[in-house]
Structure formats: structure tokens, C-alpha cells
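Could you work out the structure for the sequence below:
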Amino acid sequence: MSSKRDFLSIADISPDETRRLIERAQELKAAPPGSASPLAGKRVALLFEKPSLRTRVSFQIGIAELGGFSLYMGQDEVGLGRREPVSDVARVLSGYVDCIVARVNSHDSLIGLAEYGDVPVINALSDVEHPCQTMADLLTIAETHGKTDGLNLAYIGDGNNVARSLCLGAPAVGMNFAIAAPHGYQLEEETFADASERGTRADGGPRPTVHPLVRPTDAVVDANVVYTDVWTSMGDEAETEARINAFQGYTVDSALMAQAAPGACFMHDMPAHYGEEVPPGMLEHPQSVAYQQAHNRLHAQKAVLEFLLG
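Sure thing, here's the model as predicted:
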């Protein structure tokens, strides 16, 4: 039986492993690029059904810096489930590469790749989760605040894939999580229950809490981290008008940041829809760490690759 591990969800790694990966990402960030080659001789397929800037560049550079080789395949090259069944793609790629990094339209495609493939599969974004983004987010928070235990994270906006991974990931490293979303756009109860179960504090403090809220002003009270994402994610474009109407009042701006805890940082996973979830210039706000957050995708993903393949 194969002993390979997949990273389809942030919950695929334990709280202890999450902390160790954050620490390892900090070490890799501090080290000169190419100083370690845990992926020497390893081949990684980048299977992307959706366009990308940060994800593709950070994975390709990260794989190269770790001594590996990557092969990029866009939607037209493979056509998951259309040109060929996911099961066939998984079996064929397993004979060529040591890992599959997949950015897919449907999370079911990831599950199929993991089920039928013999090599680790990494979720580079699906409609359900974005665990690699969350690893970079947790790294950024640890850098900015010097810790994660006991911090309060307020997420303002749609209960989407990014919110779901954050909800599952933040309590695992000791953070309280609150999400403010309009009715009909909140995360499901199962996610909150799973997140609560994963809550742990390394410093012996009280178990992290997870709260669904409606009003952004309630969520940001005592928040050390204020996080937002687009109101309309890729694949939801047909709902754009309805979502813009539903999310009126959920813009994160300087006025909302002023209601958070002193020293709070602002985060956005990008790309931003200026004039919707943020006003123009918000990513350059003095409290913003959005570009640091984007750059940390490289270091967090290097830690994940080394963990699965090194």
C-alpha cells in the first residue's frame, strides 16, 4: 500500500505539523535560494485549469530552488474529465512525475487525482479550499505579530474556499477566527465544527474560538488580523450583480481598520476587485501586509513540497 500523503485540505496536516511547516518556511525564507536541494531529481506536474499569477510563479520558482523540475500543463493540454477521465490522467502522470500540483475547477477532480494516482497531490486551489494560500497567510501572521497563539483573525466577506481553509487553519495554530458574511454566504456549520475540533494553543491558553457573524464591525472588535477576499470568485461570475448587492457594507477600508485592535494587520490574498471588497490603494495601506503575504506563497509552498517529497 502506498504511504504517500496528499495536501487537498489544510486539515490534511495536523496542528503540530502546521506549526512545524510554518517554522520550516521561515528557515527556508532566511536561507539563500538553492542552498538545499531536497527535491533533487524530483519531477512535479503543474496541472492548472484556472489562470494564475502567484500560484504558478511561486510553485515553479520554489520547485527549481529546491532542486526539482516542473512541467506546466494548462487546461487545453489535459482537459480533466473532458478529454480524458481524471482516473486516466492520474495513472498516466504517476508514471512520469513524483508529485501533482493541481489548480482545478472542481474539488472532485483533486479527489480523483489523489485516489487513482500513486504520487502526492497538492491542492493549488479548488472551489472548496485553498490550503497553500492559508499556509502563506499563517506564515505572514507569525512574521508580523511574532506569534499566532491568542491572536484574533476577522475575515470579512464571502464564505469561499479561502475562508474555509483559513477557518480550519487558524485555530490549529491557536488563533480565534470570526467571519462576517451576509446571510446566504456564510460558511457551513460542518466547517465551524471541524475548525473547533482542530483548535489548540501551544502556550497553554484557552482553546481557540470560531464565530460566524453578520456585521463586519462586530468581527473586527479586538481583531489582530483583518482579512478579506473578492466578493465574486472565479466560477461565480454569473452571480456578480447579486453578490455586489448582497455585500454592500462589507468593504474593508481605513475606517473599518481603525476599529480593529492596535497594531492590526490587513490581509488580502489577491487579485483584488478595487471598488468592491477594498477601495483603491488599500493594499498599500500602512497596515497592509498583502504583498508580503503574496511573496510568502513561495516559502510556504517550498516547506509543503519538502514535507511531502523531501
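
Every contact and neighbour count from this point should use C-alpha atoms.
Fine.

For Val230, which three-state class applies?
Classification of Val230 using DSSP: H, G, I helix; E, B strand; the rest coil returns coil.

Give me the pLDDT for Ser2.
Predicted confidence (pLDDT) for Ser2: 59.

What of the one 4 residues further on?
According to the predicted model, the pLDDT of Asp6 comes to 98.

before we move on, what about Trp231?
96.

what sits against Gly159?
For Gly159, the contact set (Cα atoms under 8 Å, 6 or more residues apart in numbering) comprises Ile179, Ala181, Tyr185, Gln186, Leu187.

Let me know the next secondary structure element after the helix or strand bottoming out on mean pLDDT in the chain.
Least confident helix or strand, the chain: helix 75-78 with a mean of 80, by mean pLDDT, DSSP states H and E. Note on helix 75-78: by DSSP states H and E, the next helix or strand toward the C-terminus is helix 86-94.

about what we covered before: among the contacts of Gly159, which are in helices?
Of the contacts of Gly159, none are assigned to helices by DSSP state H.

and these, which two are the farthest apart?
Ile179 and Tyr185 (10.5 Å; Cα to Cα).

quick one: which of these two has more around it?
The neighbour count for Ile179 versus Tyr185, taken as other Cα atoms under 10 Å, is higher for Ile179 (31 against 17).

who's the more buried one bridged to?
Listed beta-bridge partners, Ile179: Tyr155, Pro212 (assigned using DSSP bridges).

Would you map the helices across the stretch 201-310 of the chain?
216-219, 240-246, 254-257, 290-309 (DSSP state H, counting those that start in this stretch).

would CSV of those helices with mean neighbour count and mean pLDDT be doable?
Below are those laid out as CSV (neighbours: other Cα atoms under 10 Å; pLDDT from 0 to 100):
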stretch, mean neighbour count, mean pLDDT
helix 216-219, 20, 98
helix 240-246, 13, 95
helix 254-257, 16, 98
helix 290-309, 21, 98
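
secondary structure element for the residue nearest to the spatial centre of the chain?
By Cα atoms, centre = their mean, the chain has its centre lying nearest to Gln133, at 2.3 Å. Using DSSP H and E, Gln133 falls within helix 131-145.

That'll do, ta.
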